[in-house]
Structures are given as C-alpha cells and as structure tokens.
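**Q** next one to model:
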Amino acid sequence: MAKNSAEAYGASGKTNLLNFDPHALHLVDDPAHPLYDERIHLPLMESMVLNVMELGVLEPIIIWKDPEMGKTCVVVGRQRVKHAREANRRLVEQGKDPLLVPGYVKRGSAIRMSQYMVSENEIHQPDSPIGRAKKMASMLERGHDEDHLVLLFGCSLQTVRSTLALLDSPQAVQDAIEAGDVTLQEARKLSGLTPDQQREKVQELKQAGEGAEGREKVRRKREVMGDAKPKLKSRKEITAALQEATGEYATALRWVLGEEGGSPS
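**A** Presented below is the predicted three-dimensional model:
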C-alpha cells in the first residue's frame, strides 16, 4: 500500500496549501486597511518576472478571506503575485499555460494577519556577499553558465562577475566583507592591488572605521581609499579652484562666491 506524503517524508500534521490564480487574489491598496503595505506600489522587476516565468512561484504566499470585504486577500507575497500576473500575461502571449501561485490559507483577525505580514518581511537572514559568491561558483561547477546565474539570482551579468570576483580576494578581504568592515564597492577597488597591498588597506579601513559613525566614518574610509575630496575653505582657495573647474562643479563654486549665474547644485 502506497504511503501518503506525511509518512513518506517522516512529517506530521496536515496542510492547507492550495494553488491560486494570481488574478483572483486581492492586493490591498487602501492605506486604512490593516494589511496595507506601501511596497504594493513598487514597480515590477524584470529579473523577477523572468525568474517566475522560468521556475514559477517557489515560495508559497499566505492568503486570508477578509470577512468585511468578502475578498481573498494576500497577507504575505504581494510581489510574488504581482510578478506572477505579468509572467502569465507573457506566457499566454507565447501560447503557454498560465501559472498558479501556491498559498497557505490562514484564519484569524485582521490584526493577526498584519502580524504575519510584518514578521515575514522583517525577520529574515539574507545571504552574505561571500555566501552568495560561493553559491554562484558552485552552480558554475555543476554546469550552469553565467546567463543561468543572471536568471536565478535576479541580477545583471556584471553583478554576477563582480560577485564571483570576490572569491579571488585574499582571505583577509573576504573576512572583512563578511564582518561589514569593508563594503563591496571598496572590495572591488582593492581588487586592483597586490594581495599584500589589499591586506594592508583592509587594516587601514578597519582602523578608520573604529569609533566613528555615519558621515565621519564614510569620510575617514574615503581618505584611506583615496576618494576624499579636498575641502575648500577660504575665498582665495575657492577662486583658485574655479580657474580649472568646469560644469556643475564650476557652477557650484560660483554660487559659493556669490557670482551672477551661479546656483546651488
């Protein structure tokens, strides 16, 4: 006698996972409703549409029947539903079958549903930059190409290549990225240096960031990276700089000097 899924996988309990037509689901757009989330107005991401067309909606959404409106509302998964709608539009145009969205049915008050909504969006642990790079490298070793990675990770080809390049950095740089002592932008700039120079710069960046916050921390690290712009304080310094300045920078300098035609940038 064939086993049911619970027995086959050593699981317990029952599930109420169903499949939904994304167009049949209600996306709350009323700011007064407990389930309103302003991200409902975010534009579609082309990378996510293509991903859904290729793989479908992998992570189930959560839906709830609003007793006041009588509508089946999306509690968690607004972006998945929005992108599934667009994916289906394109699939139908191509003569293919539209996709259904898997979802769990929840019962309870509107307040309880809002708690699900907030928790699902706020409590999560995304991949670290190095962890993401290792996943990409592993997939390449298993036969995927860069175009597959663009689709699966929802990013550009340049992002795929720059992310993979992190694995060529010395361990000290990788550790600093993971610890948040070095940003991805800083790591990319360091990649042009020798390994010894990179390790030295990492120590300088760490020291620059110690005891500093906000703009001061950014300013110190820019100095280490050689990105700091000289501060012009006196009228004489500003006038001298204006002699060689062009474009918006020259306009800003003229504005500081109070000259006609200048305006703040």
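**Q** can you map out the strands along the stretch 1-150 of the chain?
**A** Under the criterion DSSP state E, counting those that start in this stretch, the stretch 1-150 of the chain contains strands at 17-20, 61-66, 71-76, 101-105.
**Q** dump these into a markdown table; add distance to residue 186 and mean neighbour count as well.
**A** Glycine gets a C-beta too; all of them are placed from N, C-alpha and C. Formatted as a markdown table, the strands of the stretch 1-150 of the chain follow (distance: least, C-beta to C-beta, whole Å; neighbours: other C-beta atoms under 10 Å):
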| stretch | distance to residue 186 | mean neighbour count |
| --- | --- | --- |
| strand 17-20 | 44 | 14 |
| strand 61-66 | 38 | 20 |
| strand 71-76 | 35 | 21 |
| strand 101-105 | 40 | 20 |
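**Q** possible to save the ones you listed as TSV with distance to residue 91?
**A** Formatted as TSV, the strands of the stretch 1-150 of the chain follow (distance: least, C-beta to C-beta, whole Å):
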stretch	distance to residue 91
strand 17-20	16
strand 61-66	19
strand 71-76	20
strand 101-105	13
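**Q** of all the ones you listed, which one is nearest residue 254?
**A** strand 71-76 (53.3 Å; C-beta to C-beta).
**Q** now do that closest one against strand 101-105, angle only.
**A** Relative orientation of strand 71-76 versus strand 101-105 (axes from the mean of the first three to the mean of the last three C-alpha atoms, to 10 degrees): 100 degrees.
**Q** who's in contact with the strand or helix carrying residue 217?
**A** For residue 217, the element it lies in under DSSP states H and E is helix 214-225. By C-beta atoms under 8 Å, 6 or more residues apart in numbering, the residues outside helix 214-225 that reach it are 186, 189, 201, 204-205, 208-209, 212, 228.
**Q** what do you get for stretch 128-142?
**A** Stretch 128-142 is contacted from outside by 127, 146, 148-149, 152-153, 160, 163-164, 166-167, 174, 177-178, 184, using C-beta under 8 Å, 6+ apart.
**Q** out of the residues you listed, list just those in helices.
**A** Those of these mapping onto helices are 146, 148-149, 152-153, 160, 163-164, 174, 177-178, 184, per DSSP state H.
**Q** of these, buried ones?
**A** 148-149, 152-153, 160, 163-164, 174, 177 (16 or more other C-beta atoms under 10 Å).
**Q** now stretch 129-144 - C-alpha only, CSV.
**A** Provided in CSV are the C-alpha atoms of stretch 129-144 (Å, rounded to 0.1, in the frame of the first residue of the first chain):
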residue,chain,number,x,y,z
PRO,A,129,28.1,38.7,-0.1
ILE,A,130,30.7,35.9,0.1
GLY,A,131,28.0,33.2,0.7
ARG,A,132,26.2,34.4,-2.4
ALA,A,133,29.5,34.3,-4.4
LYS,A,134,30.1,30.7,-3.2
LYS,A,135,26.7,29.7,-4.4
MET,A,136,27.3,31.2,-7.8
ALA,A,137,30.6,29.4,-8.1
SER,A,138,29.1,26.1,-7.0
MET,A,139,26.4,26.4,-9.7
LEU,A,140,29.0,27.1,-12.3
GLU,A,141,30.9,24.0,-11.3
ARG,A,142,27.6,22.0,-11.7
GLY,A,143,27.2,23.0,-15.3
HIS,A,144,25.2,26.3,-15.1
